[in-house]
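Enquirer: Sequence and predicted model, in that order:
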Amino acid sequence: MQLRILRALLRKEVRLMMRNPLIPKIILVMPLMVMLVIPLVANLDVKQVNVCVVDNDHTQLSHRIIADIEAAQCLKIAMVCDTYTEAMKSIEEGKADVLLTIPPDYVRNLTAGNAQVSIEANGVNATKGMLGSRYVAQSVIGTLSQWQIENGLLQPQPDMSVIYRFNPTLNFRNYMIPALMVLLLIIICGFLPALNLVSEKETGTIEAMNVTPVSRLTFVLSKLIPFWIVGLMVVTVGMLVGWLVYGLIPSGSIMAIYLATILFSLVMSGLGVTVANSSSTMLQSVFVMFAFIIIFQLMNGLFTPIRSMPEWAQCITYVIPPRYYIEIMRSVYLKGTPLAELWQQYTILFGFAVTLSVIAALTYKKQA
């Protein structure tokens with residue numbers, strides 16, 4: 001009896017979703033926008049650092065230092081200035097990111113062992129300034145080492161081989177794309193079901209449902225199952241976009257991704273129903289859900305690595321469900337980690353799903 005009622009309610013929910021002018025657009029357009037735009041915009045790769053050089057030496061070595069910087073993959077000579085004041089002005093105007101000053105009589109002092117160049121970075125963009133100054137320093141050190149070897153002042157150093165595991169190209173998009181799917185599931189499986197339930201309160205249709213023999217479990221499932229299915233479809237679309245556009249495919253099992261997606265969908269739907277149960281209007285539920293979403297986005301490790309947070313903030317992240325979903329997605333995508341090695345993350349997600357589902361069931365009151 002309840003199964004037949006559930007099928008009828010599901011048909012009703014699907015028709016309502018298709019007639020809603022907003023939900024189909026969110027379901028179809030948002031995944032494409034998130035997967036196509038955010039990986040290009042939210043990018044922490046430092047690929048071009050503009051360098052301003054003050055050459056006070058004007059020797060063959062100083063010209064060689066400038067030429068080697070220009071030839072570096074991530075560096076570009078923005079300008080070569082005659083005075084420090086002129087160079088500093090280019091830094092203040094944002095035309096250059098790093099300032100390299102070569103002192104007078106540099107070659108002569110270098111032979112005597114007391115020469116030193118000055119490197120200053122624009123700290124407004126801390127990441128670019130820090131990495132840019134390191135790139136410039138490495139380029140200068142490489143040039144000086146080669147020059148000293150050619151002049152018999154330094155013994156050649158043994159070659160070193162550097163291998164980047166799991167992300168050989170060091171492309172930041174490969175790090176972001178697997179975790180971006182958490183944004184889609186938070187909206188589709190958490191935000192939209194909450195709005196859907198509260199809209200029933202505002203229109204008064206939930207009062208009519210309360211006087212029917214439909215159990216509260218059947219009613220809530222009819223509201224959530226369509227969004228669970230859409231969540232799986234959205235993750236599938238996200239994986240296809242990652243493969244077709246960026247050439248990124250999971251190194252591990254796709255079933256491990258779908259299992260994590262199902263658990264996280266249950267977590268977010270449980271949270272969404274709980275918020276809807278305690279909200280009287282859609283505006284109220286929107287504010288509450290946005291509060292959770294902001295906390296999740298700031299502390300789930302999507303944009304800011306958890307290890308770079310203060311210790312007290314790292315402790316808080318243990319109660320942030322998206323953290324574990326992102327860990328699973330990145331491990332499966334980049335490392336090919338098997339499900340057995342991620343049992344802890346899966347167990348914690350399952351615990352969140354059970355806890356929030358129980359809370360949602362207890363807070364939903366059906367008055368017959």
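Expert: That came in fine, so what should we check first? Residues are numbered from 1 along each chain as shown.

Enquirer: Angles on the backbone of the residue nearest the centre of the chain, please.
Expert: Taking Cα atoms, centre = their mean as the criterion, L302 is the residue nearest the geometric centre of the chain, at 3.5 Å. Note on L302: its backbone torsions stand at phi -70, psi -50 [degrees, to the nearest 10].

Enquirer: Do you know the pLDDT at the residue nearest to it when sequence neighbours are not counted?
Expert: Setting aside the residues directly before and after it, L302 is nearest to A179 in space (Cβ to Cβ, 6 or more residues apart in numbering), at 5.0 Å. Glycine gets a C-beta too; all of them are placed from N, C-alpha and C. A179 carries a pLDDT score of 84 in this model.

Enquirer: helix or strand for A179, which one?
Expert: Assigning secondary structure by DSSP states H and E places A179 in helix 172-186.

Enquirer: next structured bit after that helix?
Expert: Proceeding C-terminally, helix 172-186 gives way to helix 192-203 as the next helix or strand, assigned by DSSP H and E.

Enquirer: buried residues in that next one?
Expert: When neighbours are counted by 16 or more other Cβ atoms under 10 Å, the buried residues of helix 192-203 are found to be 192-201.

Enquirer: if we can go back for a sec, tell me the predicted confidence for the residue nearest to the centre of the chain.
Expert: The predicted local distance difference test score for L302 is 83.

Enquirer: Spit out the contact partners of it.
Expert: For L302, the contact set (Cβ atoms under 8 Å, 6 or more residues apart in numbering) comprises 176, 179-180, 182-183, 322, 326.

Enquirer: can you redo these as CSV with neighbour count?
Expert: Rendered in CSV, the data for the contacts of L302 read as follows (neighbours: other Cβ atoms under 10 Å):
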residue, neighbour count
M176, 21
A179, 20
L180, 21
V182, 24
L183, 21
P322, 25
I326, 23
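
Enquirer: Max pairwise distance over those residues: which two?
Expert: In those, two members sit farther apart than any others by Cβ to Cβ. They are M176 and P322, at 14.1 Å.

Enquirer: can you pull the pLDDT of L99?
Expert: Residue-level confidence at L99 comes out at 90, pLDDT.

Enquirer: Mind telling me what element it is part of?
Expert: For L99, the secondary-structure element it belongs to, assigned by DSSP H and E, is strand 98-102.

Enquirer: Quick check: buried residues in the helix or strand that that strand is followed by?
Expert: Note on strand 98-102: by DSSP H and E, the next helix or strand toward the C-terminus is helix 106-112. Neighbour counts using 16+ other Cβ under 10 Å place 106-107, 110 of helix 106-112 among the buried residues.

Enquirer: So which bits of the very next helix or strand once past helix 106-112 are buried?
Expert: Beyond helix 106-112 on the C-terminal side, the first helix or strand identified by DSSP H and E is strand 118-121. Along strand 118-121, these residues count as buried under the neighbour rule (16+ other Cβ under 10 Å): 119-121.

Enquirer: same thing with stretch 272-286?
Expert: By neighbour count on 16+ other Cβ under 10 Å, the buried set for stretch 272-286 is 272-277, 279, 282, 285-286.

Enquirer: same thing with stretch 300-307?
Expert: Applying a neighbour-count criterion of 16+ other Cβ under 10 Å, one finds 300-302, 306 buried in stretch 300-307.

Enquirer: would you turn those into TSV with secondary structure?
Expert: Converted to TSV, these look like this (DSSP: H, G, I helix; E, B strand; the rest coil):
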residue	secondary structure
N300	coil
G301	coil
L302	coil
I306	helix
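
Enquirer: show me where the stretch 1-150 of the chain has helices.
Expert: With helices called from DSSP state H, counting those that start in this stretch, the stretch 1-150 of the chain shows them at 2-19, 23-41, 60-71, 84-92, 106-112, 126-150.

Enquirer: what about the second one, average pLDDT?
Expert: Which is helix 23-41. For helix 23-41, the mean confidence score works out to 80.

Enquirer: Can you give me the neighbour number for V54?
Expert: Around V54 there are 22 other residues, counting by other Cβ atoms under 10 Å.

Enquirer: typed the wrong thing, it's E86
Expert: With neighbours defined by other Cβ under 10 Å, the count for E86 comes to 12.

Enquirer: wait, isn't R64 in contact with W147?
Expert: Yes: taking Cβ atoms under 8 Å as the contact criterion, R64 and W147 are neighbours in contact, 6.9 Å apart.

Enquirer: So between those two, which is more surrounded?
Expert: More crowded of R64 and W147, by other Cβ under 10 Å: W147, with 18 against 14.

Enquirer: How about that one: what's its closest non-neighbour residue?
Expert: Using Cβ to Cβ, 6+ apart, the closest residue to W147 is L61 (5.8 Å).

Enquirer: For the closest residue to A276 other than its chain neighbours, give me its contacts.
Expert: For A276, ignoring the flanking residues on the chain, the nearest one in space by Cβ to Cβ, 6+ apart is L197 at 3.7 Å. L197 makes contacts with 206, 223, 272-273, 276-277, as judged by Cβ under 8 Å, 6+ apart.

Enquirer: Now the residues you listed in CSV, please, with extra columns for distance to I316 and secondary structure.
Expert: Conversion of the contacts of L197 to CSV gives the following (distance: Cβ to Cβ, whole Å; DSSP: H, G, I helix; E, B strand; the rest coil):
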residue, distance to I316, secondary structure
I206, 35, helix
K223, 30, helix
G272, 21, helix
V273, 24, helix
A276, 25, helix
N277, 25, helix
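
Enquirer: ok, so of those residues, who is nearest C81?
Expert: For those, with C81 as the reference and Cβ to Cβ as the criterion, the closest is G272, at 57.8 Å.

Enquirer: Thanks again, I'm all set now.
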